[in-house]
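Enquirer: Requesting a structural model of the entry that follows:
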Amino acid sequence: MFQPRVKLEFVRRYCAPQDGWCVCVDIDPLEEGRTGSPRESHTARKRQKDMQADAPRVRQELKALGVNVGDRKPWCSTQGVPYLEGDPDIVAYDRVYKRCIVAEVEGASSGQPEQKLYKAIGQIVRTASQLPEGWQCYLVVVVYGEKIATHLGRAKALETLNIAALHLQDLPDADRWLFGAKWTNAVDDGEGATYLRQPEAFVWDERLTEKDKALVAKLNAALKCLNERRAIEINVAGPFARSKIAWKLAVHQQGLLHRLIALMDGTSVAWNNRRTLSAILSARALMETMAVMSALAERVAHALAAEDLGALDALAQQGTFSSRDAEWLREAPETRAVNVLAYIDRFDKRAAGFRGHYDILSERCHPNALGHNFMFGKLDRSDGSVRFFDEREPERNGQMILAAVAIFPLVESLMNQLDDLIVGVSDLHHRVAPVGGAASAAEPARGGSGA
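Expert: Predicted structure coming up:
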């Protein structure tokens, strides 16, 4: 197994993009048999020919996995991950849990294996002294072949620098860890810990225009701020101890915020990994949820101005438990979910064109022509053949997605508005029906508090 293929197999087995990793691999021309002095022996020439034949297949497989090859510095910039000086063979980043893998790799070689191994060790030791702050880093030297594995097994002093050693085998189950911590892709959040996964930033790339960079930066700034506003728990304390209606509204507000963060994260993950249809589906759902939160703020403001506690309680109840499940509705018919198009049309009055863009996205999301044949296939009228692609119009799709999520920063103002309104609801409820006191005569006229 030549060096490029060893790199491919390590990525496939231990940090595959499908498991949430963004990966960059460096492949030197010498590793592909494309440089170096002329081979003199028949064995050396055959070896070079085999290397040259395997190289394009490896690159194709890496591309299919979603792995970047070469040009690591600009790649780190577009991916929003720290750049490591030097020439590591493999760098992999898990942006959600802020984990980083750095690997130096040696494959089958006709030369002196110990010389190449010493170079790899030097590289990994250098990397160990310049690890990025705030990231959980895992360093490993990966080798293929018994002879070089024997030499590496003697370098156990590397373990004191938290560097591990892996002897890669032809079969994944046969891989052998020579020393150091065995890598596992599992994340330990701590026993009993409550942990909210960090959302992934939306990455600008060539599918978008230069002027889109400002909007992408604005989206990511909003995502960071809103993520910090997600609640892990809402306690019956402060304004929520004075009003169960306020507590209900806050729970509903946070449920919508968590959904919006999850949808923005889902859009980013799909977009960054070129899973465009999934990105469109998430972006359309984000538009729907944004419209629901906007309507909630408007209706709470109206009911609070009217001092209608009954309407406020109904809003919280219906919003929190809304459903279209027939069995559920037989027990609680008042929680019937409103058709989402009603929310979309309502928001369209606030942002003209919102419904139109939603309908365009729907054509992509539904199994209509724009969602299958016209998204993935293209007819050649000269011979009647149809060619299929991962997607037909990446730039157009990119603009559709970006236009859909462009409203996301508005969530901050809606959250501020709802925060103030919910405090106002608590004040009203406490004034009309103070906790531990008698309800005022006005309360029954307003439909009851639900406290």
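
Enquirer: In terms of secondary structure, what does the host helix or strand of G319 contact?
Expert: Using DSSP states H and E, G319 maps to helix 309-321. Secondary-structure packing of helix 309-321 (3 or more Cβ pairs under 8 Å, 6 or more residues apart in numbering; DSSP states H and E): helix 244-272, helix 276-305, helix 410-432. For every residue, glycine as well, the C-beta is placed using N, CA and C.

Enquirer: For the residue nearest the centre of the chain, which residues are in contact?
Expert: Taking Cα atoms, centre = their mean, the centroid of the chain lies closest to V269, which sits 3.4 Å from it. Remark: with contacts taken as Cβ atoms under 8 Å, 6 or more residues apart in numbering, V269 is in contact with G20, E200, R275.

Enquirer: which one among the residues you listed gets closest to L410?
Expert: Comparing the contacts of V269 against L410 with Cβ to Cβ places E200 closest, at 20.5 Å.

Enquirer: Surely the closest one touches V96?
Expert: Yes. At 6.3 Å, E200 counts as touching V96 under the criterion of Cβ atoms under 8 Å.

Enquirer: of these two, who's got more company?
Expert: More crowded of E200 and V96, by other Cβ atoms under 10 Å: E200, with 23 against 15.

Enquirer: so which strand or helix has the more buried one?
Expert: Here E200, judged by DSSP H and E, is contained in no helix and no strand.

Enquirer: Leaving out chain neighbours, which residue sits closest to it?
Expert: In space, not counting the residues next to it along the chain, E200 is nearest to S268; the distance is 4.5 Å by Cβ to Cβ, 6 or more residues apart in numbering.

Enquirer: cool, W135 as well?
Expert: C100 (4.6 Å).

Enquirer: Now do the SS call for the one you found.
Expert: strand (DSSP: H, G, I helix; E, B strand; the rest coil).

Enquirer: my guess is it meets A92, correct?
Expert: Yes. In this structure C100 lies within contact range of A92 using Cβ under 8 Å: 7.0 Å.

Enquirer: quick one on the thing from earlier: how far does whichever helix or strand comes after the helix holding G319 sit from the chain's center?
Expert: Once helix 309-321 ends, the next helix or strand along the chain (criterion: DSSP H and E) is helix 326-331. Chain-centre distance of helix 326-331: 35 Å, with Cα atoms, centre = their mean, to the nearest Å.

Enquirer: List the buried residues for the helix or strand just after helix 326-331?
Expert: Downstream of helix 326-331, the first helix or strand assigned by DSSP H and E is helix 340-350. Neighbour-count burial for helix 340-350 flags Y343, I344, R346, F347, D348 (criterion: 16 or more other Cβ atoms under 10 Å).

Enquirer: Make TSV from those residues and add pLDDT and distance to A246 to it.
Expert: Below are the buried residues of helix 340-350 laid out as TSV (pLDDT from 0 to 100; distance: Cβ to Cβ, whole Å):
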residue	pLDDT	distance to A246
Y343	95	23
I344	95	28
R346	95	24
F347	95	25
D348	94	30
